Structures are given as C-alpha cells and as structure tokens.
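Engineer: requesting a structural model of the entry that follows:
(chains A, B, C and D)
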Protein chains: 4
Amino acid sequence: MDFSPSKRGQEMLARLDRFMREELEPVEAEYHAALTGGADWHQWRQPAVMEKLKARAKEAGLWNLFLPEAEHGGAGLSNVEYAPLAERMGHSMMAPEVFNCNAPDTGNMEVLARYGSPEQQHQWLEPLLSGEIRSAFCMTEPAVASSDATNMQATAIVEGDEVVLNGRKWWSTGIGHPNVKIAIFMGLSDPDADRHRRHTMVLCPLDTPGVTVTRMLPSFGTFDEPSGHGEVVFDNVRLPLSNIILGVGRGFEIAQGRLGPGRIHHCMRAIGAAEHSLSLLCARAEKRVAFGKPLAKLGGNADIIANLRMAIEQARLLTMKAAWTIDTQGVKAAMSLISQIKVVAPAVAQQAADAAIQIHGAMGMCDDTPLAGLFAYARALRIADGPDEVHRGVIAKIELKQQKAARGELE
Amino acid sequence: MDFSPSKRGQEMLARLDRFMREELEPVEAEYHAALTGGADWHQWRQPAVMEKLKARAKEAGLWNLFLPEAEHGGAGLSNVEYAPLAERMGHSMMAPEVFNCNAPDTGNMEVLARYGSPEQQHQWLEPLLSGEIRSAFCMTEPAVASSDATNMQATAIVEGDEVVLNGRKWWSTGIGHPNVKIAIFMGLSDPDADRHRRHTMVLCPLDTPGVTVTRMLPSFGTFDEPSGHGEVVFDNVRLPLSNIILGVGRGFEIAQGRLGPGRIHHCMRAIGAAEHSLSLLCARAEKRVAFGKPLAKLGGNADIIANLRMAIEQARLLTMKAAWTIDTQGVKAAMSLISQIKVVAPAVAQQAADAAIQIHGAMGMCDDTPLAGLFAYARALRIADGPDEVHRGVIAKIELKQQKAARGELE
Amino acid sequence: MDFSPSKRGQEMLARLDRFMREELEPVEAEYHAALTGGADWHQWRQPAVMEKLKARAKEAGLWNLFLPEAEHGGAGLSNVEYAPLAERMGHSMMAPEVFNCNAPDTGNMEVLARYGSPEQQHQWLEPLLSGEIRSAFCMTEPAVASSDATNMQATAIVEGDEVVLNGRKWWSTGIGHPNVKIAIFMGLSDPDADRHRRHTMVLCPLDTPGVTVTRMLPSFGTFDEPSGHGEVVFDNVRLPLSNIILGVGRGFEIAQGRLGPGRIHHCMRAIGAAEHSLSLLCARAEKRVAFGKPLAKLGGNADIIANLRMAIEQARLLTMKAAWTIDTQGVKAAMSLISQIKVVAPAVAQQAADAAIQIHGAMGMCDDTPLAGLFAYARALRIADGPDEVHRGVIAKIELKQQKAARGELE
Amino acid sequence: MDFSPSKRGQEMLARLDRFMREELEPVEAEYHAALTGGADWHQWRQPAVMEKLKARAKEAGLWNLFLPEAEHGGAGLSNVEYAPLAERMGHSMMAPEVFNCNAPDTGNMEVLARYGSPEQQHQWLEPLLSGEIRSAFCMTEPAVASSDATNMQATAIVEGDEVVLNGRKWWSTGIGHPNVKIAIFMGLSDPDADRHRRHTMVLCPLDTPGVTVTRMLPSFGTFDEPSGHGEVVFDNVRLPLSNIILGVGRGFEIAQGRLGPGRIHHCMRAIGAAEHSLSLLCARAEKRVAFGKPLAKLGGNADIIANLRMAIEQARLLTMKAAWTIDTQGVKAAMSLISQIKVVAPAVAQQAADAAIQIHGAMGMCDDTPLAGLFAYARALRIADGPDEVHRGVIAKIELKQQKAARGELE
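Structural biologist: Sure thing, here's the model as predicted:
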C-alpha cells in the first residue's frame, strides 16, 4: 500500500493550486458581486471574467482534466490522479466552470465521448469540450420519487423516423446558463421491456419547439446563478432518431457507466468544500475573542476541530480508494464504495460548513462568508444523485451478500 | 403534577387554532407570493392582506396575547398559558405579526411596559400595541463576539443634556419593515463601571440624523422580507436624555428581565415549527411511493418519525416547565431551564426540518414547501439570542454548583 | 399545567430520601462486599443486612409503595406519585428489594392482585407482599425473537384437569434468589386461536417436578447476584388447572395490563441511575486535576455535563407525563408515551454512565465505582421489555395514524 | 496512490488466515471454557492448548510478526505490512498470545530491542521473544490523572548504586499471568528536571522484595484472565542501577518511541474486532426472524449495517495511512494521525459491538457470544493509552498550527 501521489498527479496539483491562488481566488469576490438577476433568471449574465479565466486555464494546461480520453482532448488522468484536482477545485464555487470540469457538462461529455455517434460528437461534444456551449441533463421529475429511477414517467417514444419527448423534468442543473444549448433527456420508451431496458437518452437542443423552461428553483434560497436548476416542460418535442444516444432502451446502461467517475468528482469537490470550511473555521477560532480567550480555546471547540479533521481525512481516503478501485477493477467492483462515498463525503461537507457557521455566529449565515453557500451545496448533495437512504440500502445489500459468501452459504 | 392545560388556555388555543385554520392559513401562499423586492429591500411592501388579518385578529380577541400586563391591553396570560399559543403561531411564518406577537416588537413592548417612562409609553408603546408601527432592537455588532455581551463596543455617551450614539450594529431584525419607526439601541456608557453597569438602552427614532441602514443581511439566502435583518450605522446620533430607558448604565438589568419570557416565546414557536415539519414529513411519507411502497414503510423512515416525536415531546415539556418556573419562582430560578430550552428547541426544529427536507427530496430544498425556510429559521435560532455553546456553559456552571451543594461542599 | 408534586408525594419522597441517606446508603458497600458466589450461583446468599433493612422499611411505612391497591396493603399511590419514589430508589441497586419494589416481583404482585383467584392470592400474593418469598417471570425464550411476543414456543397445554408446561425459558430474573419460590410461566395453549388469545399464564412453584434451572446468565460479566437471570427448562411440568391465572388464552390480556406501570417503574429507576452517574461525574470532574486544571474546566467536559442535564430533565418530564396519562386516561391512551419513555430513559441512563466512566478513566470500568454496573443495567434495559427498535415502530405507527386523522383522511 | 497490499504482506495474511481458521478458531470455545478461577486470580491457569498453539505458530513462521528488527528474530515487516496481520488477530481474544504479539509484551520487547543493554536483552528480551515468560508495564497510577503523564507520582530514586522504587500502580496488564516474570516500571526520578526528563524506566523482576500485587481489576465484570490487570504496590524496592533502561530521566523519550507502532497494533486489532462484530451481526440479521421477516429486512437494520461498513472501512484506511506515514516519515510526522486512529478505531469497534449486541437481543449480553467481551475490550480502549479527550486535543493543536502555517502566519 502506498499513499504517495504519482509524480504527474503531484505536478498537476501544484499547477492547479498556483492557478487558483494567483488567478482565480483573487477575483472570486468580484465575480460573485457581478452576478446579476437573482430570482429573475432571464437577467442572468456570466460576468466577463469567466471567459478570461477559461482562456487562461486552457493556456495553463488546466482544461478538461476530468476526461480520461486523450483522443477527445482529455488530460488522460486516472480517477486516482484526477481526484485531488477535483478536491482542490471544490474550494471555489466558480472553479469547476473555469476548468471546464463542472457538472453536468462533465457527465454529458463522458457520455458523448463514450457512446455518441461521430455526428453527435462533432455537433455537441466538440463545442462542449472547447467550453463554447453548456449543457443540461433532464432526468429528475417532480411527480415521482427519483430515488427509484424506474419510476420515471416522461416518455421518449419512437414514431416513424422521429422520437417524441413528453413530460416534465426539474432540477435540470445548468439550464439557466446563458450559453446552454443542449440537454440530454431521459424518458420511457417501452414500459413492457425488461426493467433496465425501458428508457432512452435523447439529445435535445433547447431551441426545439415544445421545450419550455418554466422556472428556476432556488435551493435554500440561492439560485446558483448563472447556471441554475430549472423546471422544463417537454410538450410533443419531435427529434430525428439520430438524436438518440446509443439506441432505444439503452438509457440505464449509459446512466450506469456515467455514475462511477461522476460520483468521485462530486465527492472530492465536497471534500474540498469541507477543507475550505475547516480552514475558515480555524482562522475564525484563532482570531475571534470571547470571555477573554480566542474561541479555539473555549469549551468544546477543539473537539469540533479534531472531529472534523478525522472525518475529512477518512472521507478522502475512502474516496481515493473508490477511485483506485474503479481504475483497477472497474465500476462494478466499486459499487459499494461508490455508494459509501456518496453518503460520507456530502455529510462531512455539511458537518464542516455547519460547524464553521456556528463559530462565525450570525456572520456565518449571511453572504459575508461562503459558508451558507457551502452548507446549501453539501445539503443538496445528500439528495442529488441518489439520496443517502438509497445508497445505504445498496451498501447493506452488498455487505450481506459478501458476508453470506464468507460464511460459505452462497448458493 | 398536572399536565392538563387551564380552561382559559384551552379556550384561547381553540380560538387561535380556528382563526389560523379558517382565516390565516388559506391566504398564506398568496401572502408569500405577493412579497416583493427580494434583495432590493427598498422595494419591500407588506401585502395588504396583513392589515386585514390584523384587524380580524383584534376583533377575535387574539391580539397582544404575549403581554401579561392587562393595564397596557395585554391578555394577562401567564407564561404557561401563552406558551401553547406561541407554539401554534410557530406553524406559520406570518402568524406572529398577524397577532402582534412578533420579535423583536414583543420584547420591546415588554421593556417599555415595564421600564418606560409615561412619555416613552405614550409615544412608542401605544402605537406598537396597536400595531400601527414596528420597532427594531440594535444590540449585536459585527466587530465583536456578541456571545459575550460585555464585548459590546458601540457607545451611548451622555454629553450635557444629550446622549450621543456611535457604532455599527447588525442583525437588527425588523429594521427593513415599511412600518418600522423606532429602535432600542444598546451601547457602552461607562467602561470603568462595574461589568453589568456599563451599558445603556436608548430609544432612537430611525429618522434621527446620523442613523443609516446600510444593507439587509440574508440568512441562508432569504431576507425574511418585509421585516429583514439590517446593518445600521449610528454616526454621532444625538438624542435628548429623556430617550434613555430606566437610566444610564441600566442596560443589562433591562436585558436580563427581557430574556426569560422572550426565550419561552422563541422556543415554543420553534416547537411549533418542528411540529409543522413533522406533519409535512408524515404526509409525504404516506403519499410518496418508491420501490413499490410508501416511504413510511421503507428503511429507517419509521425510526426518523419516532425519534422526532420523542424529541419534540420532550422539548415541549421542558419549555413548559421553564415557563412554569418563571411563573411560579421567577426568572432567576429558571436560569438553567431557560438556557436548556434555548439549546433544545431550536435543535429539534432543525432536526425536524432537515428530516422533512430529506423525505421530500429536491422539492424540500426549494420554495415549493416551507421547509427550507423552516430550516433556516431553526438554524439561525441556534445562534441568535446566545449561541448553543454559551447556554451549555451556563447549564454546566449551575449544575456543578448544585451538585456541590448536594455534596454539602458549598462554602 | 402544574409541575409541583402533591403534598403527599413530597412527604413520601422526603421520608424515602432520609431512609436512603441514613440507613441504606451507609451499608451499601458492605452489602456488595458480602455478596458471595460469583459465577457459582448455588453458593449465592443474601447478606443478612437485607432482612434488617426490609424490617426497618416496613416500620418506616416505606413498603409496597408501588402497589396502588390499598386492600392488598399497597400504598395507594398514583403513578405520578410513585414515580419520583422509583427514581430515588434507582440510585441504589439494592434499594428496590429493601422496599419490596423490585422487578419482577412488582409486576407479579400486580398480576396476582388484579387477576389472581382468592386461593392464588392467599398462597402467593400474601407472602410476596410480606417480602417472605420472591418470584420469577418466565417469558423470554432463547430459540425465538422475543421482540415479537407471538413467536413464543413454550407450551401450556390443558390435559384433563391438568395444565402441562414444556419449553425452555431464559433471562428469568430473580430465579437465582435464595428465597425464590414461584414463577409465572407463559406458554402457547392454542396455536389456532386469535393471535392474542393463544397464550396462557400459569403459576408454577419452582419445586414442581420437571422444572430445572440450568444456569445463570451473566450480563456484561455480572450475574446480578443474589437475584440472577436464569435459564430454565420445563419438561412435562404438570400442574392443576387452578394454577392458571384468569383463564386459558388470556396471557396477552394480562401481559398488556402489566406493562404500563411496570415501564414507568423501570424508566424512573433508570432516570435515578442517570442522576447517580451524573452526580459521580460532577464530583470527579471537580476533584480530579490534569494539565493544571480540574477536569470540569477542560475541553468539552462542561458540554457533556450540560447535555446530560438536558437529557435527564427531558426524560423525567416525559416519564412523568406518561405516568399522568396512565393515571388520568388509562394505559391505552398512553401507548405511544409508554414506548417513548422505554426508548428514552434507558438511553439517557446509558449515556450518563458512559460519560461518567470516561471521566473516571480506568477506575470507571472496574468495581471501585458503581458505574460499570450502572452501564450494564442501562444497556440491558435497552433490550429487556421490548428492544428500542420495537418501541420506535409502535411510536411511528401511532404518529402516522394521528397525523392522518389530523389531515382528515382517516376512514 | 496504490491500495494493493505487497506480495509478501498478502502471503503472510493468507498464511495467518489459514492458521486461524484451521487451528486456532476451532479450539477457541474450548479454550475459554477451560479458563479457571474468575475473581480468584491466584487460581488462574493457562489452558494447555495455548502452548501447543504457540509451538505450531512458531513452526508456521507466524511468530513475533510485530517486531521489525530481524536481528532479534523479528519478521522484519513494516508497519503497513504488519497492520493487516494485527487486524486478523483482532478477530480472536486468544490470538495475540498465540503469535507472541500481545500487549504489553510487544511494546516491552520493542523497548528492550531498541534501548536495552546487551545484558538486559540477554536476560529478558530473549525469553520474551521465545514466549517462555511474560511481562507487565507499570505506568498508570490510581491517585493521579494518567491522561497527563507528567502527573506520575511513583518514584524511582537513585541511591548510591541502587535505584529505589516506591509507589502504587494499577491496570498493569498481564501481571496476573502464570508466566509473568518482569515488569517495566516508570517513576519520577528528578522533579526539578525539564518536564520530559524527570522520569525513568526500570526493569523490575516481580519476585523482588517489596513488590506486591494486591488485586486484579475487573473491566465491565471481566478479569481478562489469565493475563489480568493488576494493582501493584512498590514499597522500597531496591534494584541495581543496571536495571535502568537507557538512563536516568529518559523514560519519556522511551515512551514516545514505544507509542507509534503500538497504537497501530491496538487500532488494527480493534478494527479486526469490529469486523468480527459485524460478521456476527450480519449472520444473526439473516437468520433471526421477527414479525415474519429476517431482522435484516426490518426497520433501520440495513442502515446500521451500512453505517458500520462505512465506519470500519474508513477507520482501516486511516490506520493504514498512519502506519504508512510512520514507515515513510517517522513517528513525529505521524503524530496527528496516530491520535486520530486512537480515537476512531476503538469507537468503531465499540459501535460495532453495541449494534451486534442489540441485534442479538439478550443473548448478546451474556457469554453465549463474544460480543459483551468485544464491547468491554473496545470501551476500555477508549481510555487505555490516552483517553479520547487527550487525543482530540493533540489533533486540534496540530491542525490549528498547520492552518496557521497555510495562512502564512507562523512566526
């Protein structure tokens, strides 16, 4: 067992760290102040500094780091190598877009790189890879429990040489972005097929007739502008069959392949967020004085710091092991670990943000620190991409099966 | 020991409950939708329905229920009698204002009723009691830890026949309200006096020269419009000595008397909020289906419901005991209990809102339910009015002293 | 609502407290040191001081306080009045027997007082009430999950004018006591009857042929001598029909009536145990010094004390409310509350013992303090008389039903 | 980063696993049944099977695996290589002695191998390495808080050519063993020296006049026979100066070096214990039926299993990282990690044992399963070798310092 990073990973991380300290973090406050519109999402604009930073990131070789496929311009990093970079990006809410590593574009690009036809890749993957356009992923629905994905009710029905989309989706992240052009829509094609062969993924340009973004949804009061999370109605949206990805009924197959690395990214960013909260907490604990002492020396505050350090350290190691297992044994072998990190990492990010808020007092709740945003981000992550409850169910099921095998009782 | 409510309390609660079900709750969604302005607080308006409901509440004899002093038009209820009414109001964010029982006006009215001069009462207490104007309380400061109130740095210096206010206050709740007219300001008058004789409370009309509300502070992304929480600069604000309440150096004395019943109100509203979350949770758990079953029958969800029921029930009993102790033995005898409920009740409200959000999935985070707002409210309450940490310190100190006495070791 | 104790309850408590401080607690260490035998239960003897204390308790009017029925020599106290006495007894492991208020004799006496025939009362209730003999309750079985009582497999079959007992029972508390003479046995009589009409309770003298106590079971290493918890085999034990209590198939009916007050007793003793742990914790925290300070002033120890005070206070109020509900509305109306206290009170007793052990360091684990015993007692109580899991299930079920009714959806 | 074990480590583990499954585990129940004496520690005997297994372990090359120093017959394994072996041994309470890897002998052998004089090594290290004798470590004292080691009051005073030991020690593990011959005693030599130069370690044969073992201390009711934890009085015990290890005043220096690897061993055994509990829990959860279903399918039990899997997995990775850090950067660089695992691993072992007990019901508390013993072992470990509180203090201190450095504020 060897916990040291690869030389290449170390160099990459140093480069990313320098970029973030020298170019990104100095303009972060200015960026957030320049965001406009609030609830009125039609007014959302991406502040100009974003395109400047994207150009600089490209020059610095810090672009599309998430993508393993070198043939598509990806950095060719393994999950183990990329993970610490994702963690570092997690310190800043604007970083993922700067480096073209933000959800859901990363997952969408992976899908297109792996399963897209050459035409699909030419039309949509290339501008996504270059950062020219943005995309959305339309899966979750208001009417049914998305924790059980087979509940999905929106439809993608083949009629002749067209596929027709109908239904209501929501929490479509990124759909408010000024540059968003395309969504991957997932819908039911054949309710009588085998449980995991019923759904289809379709590329749906957002200017297709019948697509209406009806509103943006706030999460704990914030809209995450200028990306946003939208509710979208698909009303008899007709698209050529060539917009189907991989084939009719293959939606779940694609979704499965998409999930493993995506969860590593999410979790490592959550760990970065946790470290960010902890660093703010420690700085405040040493500088703020009450009852004649810095807060760090009062009551149980040292315990809070120690507990966070232990929780973050463990969450990181677990996520790295999940990444390593995907790299060396594939997503299937990593199933339990992937569910484990999805429970553990958001929880530790929430715990860290909550503790940091408490030590900041009322200041921690308003926008004078990033903490309320970090809290909302972590809290949302305990629901997004499968709620904790579903992941714990997966872990327990695999555990019981493995224990049964160890007892020699498996049929 | 007798856990049954008084006949009068029971009747009051029934009347309040009917009013809320028949008149208030039917218009709540409309009220929230009519709130305008968002971050741009200068645009805040109180929707017209509020004044209509206030008038109806007066007619129904549901007005100023919080105020024990019958001579000022209070309902003359004991804390034990008022507490269940506060709990019921806690089910709705707009209820407290409808019944003229919202913070910080309640505390300010109590201060004026108890310590105000006849002139002060005439000028400010009367319009507050009638619901004509609103008030703010300017105590917390950005520069120092308010958990240790003796840190306060803003000044209220007597110069000749004037008192001069200087300093920066924030989290002044209610200061964004269209009807707000007056603030109670607390500042340092004599740094050399005894630790609890240094500060003075002064009535400061908000149109006095030198008073500037610089911004409204969001809490987890919400501004709690149209009341808001503001940052206020006092720059050489000069007021006649007659605006001082009770006397120079008596600020802490007033603050102490103000705290006991106020915390009962806060905590009972928090318990009402917890019940509200639990009721939404249960409704969702029975109606939402995943994996072929209602959520209530899946995994650990029944445990979550049971744990909340136990936590809420206990928090309520503890708060009722604190109320009863104040009523029968005074605030001083209730010190530990008051700190206990301040830790327990907001925590249970947060736990309930968090659990209800989780069972609602992504819907729980946006504004389609009141849950994100209930969460933010409860979370803020763990900081406001003394953070948990300070209250636990008080409880431990009293406990150690009582145990020492029980061991016969007290000098 | 009135939290003050009745005059009579207050006087009783004062009398009990004096007795415990002056007569019982001074001889407790000596009593425990005089216990003999350890694992070799055939050697168990009750130290002579016990009979002396029992005689003194009778003289002092502190005898059979648990029993409401005055006609059987009970004190005629309500549950609300008895509860604080049970709490006070919970400070000492030997107290319940001294006052003839120990499980399972209390429950057995209640059963006999309420459901026993005059002959049964004469033969068994009278010597139990006088403290002359002791009894056991044989219900739990090793082969099946007792959390689901309908699992019970031992049989009580009527054959002619005899009832024949067969089966293996364990965790029969008190069956190792030198004075134990009688057990109440519960067994399956008619597997085809309605689910709650299948089982029968039978009085079984322990010297009946076919009854064999096979071993005593330690709990976390302690045997709770001289009472013990035994495993008992019933092999074709034949008894006259007159030994059946109430009637064939009425076992569950009796068990239900037995449970409510019994759980109040258990829970109040657990709360007494928690207070005992907290008092030891506080004494140690003030006297033990490390790093130049008493432990009470180090790190999070004050928080631990505060958290215990809040948890104990709430558990007590909840238990008192359950007692009051039984007294005023009956056991059925108190079902949820009874399950709630059964979860809450043992948990707080365990938390208090664990915290007190930690602050005592290694000393807390050995027999130099009562803490390891208090811990084992509390931990066992989370399983005995229904595990936490089953009680949470009951609470959730009742809650969901009540919420449904509140939503007006109950059919 | 590479999570795969070394080839050598893997082979070793396979060999150890086979030995445990084929030779050790089949005789474990018999071994425990053959233990004699209970509280009467003078009767303690080591069942004969132990020497047989030790001989077999030697033959199988599974002897002294903990010892890195090959020149003393150690296996020459790194901490990373030994850790999984320690975990495997943690599944059995008798395993450590079988493989000559039990505390405190391991630590004592390390001390003698590293700091002992050739004579000391000849006389004591050799018979310890061969498993012929056993040893104790006399450090903790009843009169002072051992969490602060500088409190130590027993003395080791040089008088002429002798060192004189006085004081009372307790929790001296292993001192009840029939084969114990030697103790390492730590005492105060010079109260005026620098804080970490005051204490001296002395080899004290247990048959030296003035050494009296006064009693064995139970831990949660068990004596851990035949090793035991004893209280020992040293009354003017006079030994030649050659019995001093390394030199007068160098006790702390030795203690520091001893701690790092020892904590890895403890923690990995604790993780093995946790896995053992989890495996028993899962087996029971699938086989025991209540309310018509296996417990694994009831309520929150799947969550309990999932939570344990995540907690154990994380604790293991953290411990492996601590081991790797010691191996590659030394104990000093690993200080925070070593404290972290000391908090985390015993806690997870306790959590696992507690959960497994709960799912076993009353059976989990008695000796029909190893669970009560595993619980007591884990609980004791939260105190032994530094209580959680002290370790959290260390972690927080290092964290605050590192955060300060990251902020560029370190002087």
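Engineer: what parts of chain A come near chain C?
Structural biologist: Contact residues (C-beta under 8 Å from any C-beta of the partner chain) of chain A with chain C: A:Gly299, A:Gly300, A:Ala302, A:Asp303. For the C-beta atoms, the positions are set from N, CA and C on the backbone; glycine is no exception.
Engineer: min pLDDT across the residues you listed, which one?
Structural biologist: Across the residues of chain A next to chain C, the bottom pLDDT score, 91, is held by A:Gly299.
Engineer: report the entries of the residues of chain A next to chain C that also contact chain B.
Structural biologist: Within these, those near chain B by C-beta under 8 Å from any C-beta are A:Gly299, A:Gly300.
Engineer: nearest to chain C, of the residues of chain A next to chain C?
Structural biologist: Nearest to chain C among the residues of chain A next to chain C is A:Gly300, at 3.2 Å by C-beta to the nearest C-beta.
Engineer: and chain A, what are its domain boundaries?
Structural biologist: A:7-129, A:134-249, A:252-406 (automatic domain parsing).
Engineer: just to revisit the earlier point, out of the residues of chain A next to chain C, who's the most crowded?
Structural biologist: Neighbour counts for those, by other C-beta atoms under 10 Å in any protein chain shown, peak at A:Ala302, which reaches 25 neighbours.
Engineer: that's a helix at that residue, yeah?
Structural biologist: Yes. Under DSSP: H, G, I helix; E, B strand; the rest coil, A:Ala302 sits within a helix.
Engineer: wait, it sits on D:Gly393?
Structural biologist: Yes. With contact defined as C-beta atoms under 8 Å, A:Ala302 counts as touching D:Gly393 (5.9 Å).
Engineer: what's the closest non-adjacent residue to whichever residue of the stretch 151-300 of chain A sits closest to chain D?
Structural biologist: The stretch 151-300 of chain A approaches chain D most closely through A:Cys282 (3.9 Å), counting by C-beta to the nearest C-beta. Among residues not flanking A:Cys282 along the chain, D:Gln403 sits closest, at 3.9 Å (C-beta to C-beta, 6 or more residues apart in numbering or on different chains).
Engineer: picking up where we left off before, return the residues in contact with the residue of the stretch 151-300 of chain A closest to chain D.
Structural biologist: By C-beta atoms under 8 Å, 6 or more residues apart in numbering or on different chains, the residues touching A:Cys282 are A:Ala296, A:Ile305, D:Glu399, D:Leu400, D:Gln403, D:Lys404.
Engineer: in this structure the fourth one contacts A:Ala296, no?
Structural biologist: Yes. With contact taken as C-beta under 8 Å, D:Leu400 and A:Ala296 are classed as touching, separated by 5.9 Å.
Engineer: who's more crowded, these two?
Structural biologist: Shown here are D:Leu400 and A:Ala296; by other C-beta under 10 Å, A:Ala296 has more neighbours (23 against 19).
Engineer: helix, strand or coil for the more buried one?
Structural biologist: helix.
Engineer: kindly report the same for A:Thr369.
Structural biologist: Relying on three-state DSSP, one would call A:Thr369 coil.
Engineer: what do you get for A:Glu231?
Structural biologist: Secondary structure state of A:Glu231, per three-state DSSP, is strand.
Engineer: helix or strand: which one has the residue nearest to A:Cys282?
Structural biologist: Applying DSSP states H and E as the criterion places D:Gln403 in helix D:388-406.
Engineer: how distant is the longest helix seen in chain A from the center of its chain?
Structural biologist: If you go by DSSP state H, chain A has its longest helix at helix A:251-287. Centre-to-centre, helix A:251-287 and its host chain are 8 Å apart (C-alpha atoms, centre = their mean, to the nearest Å).
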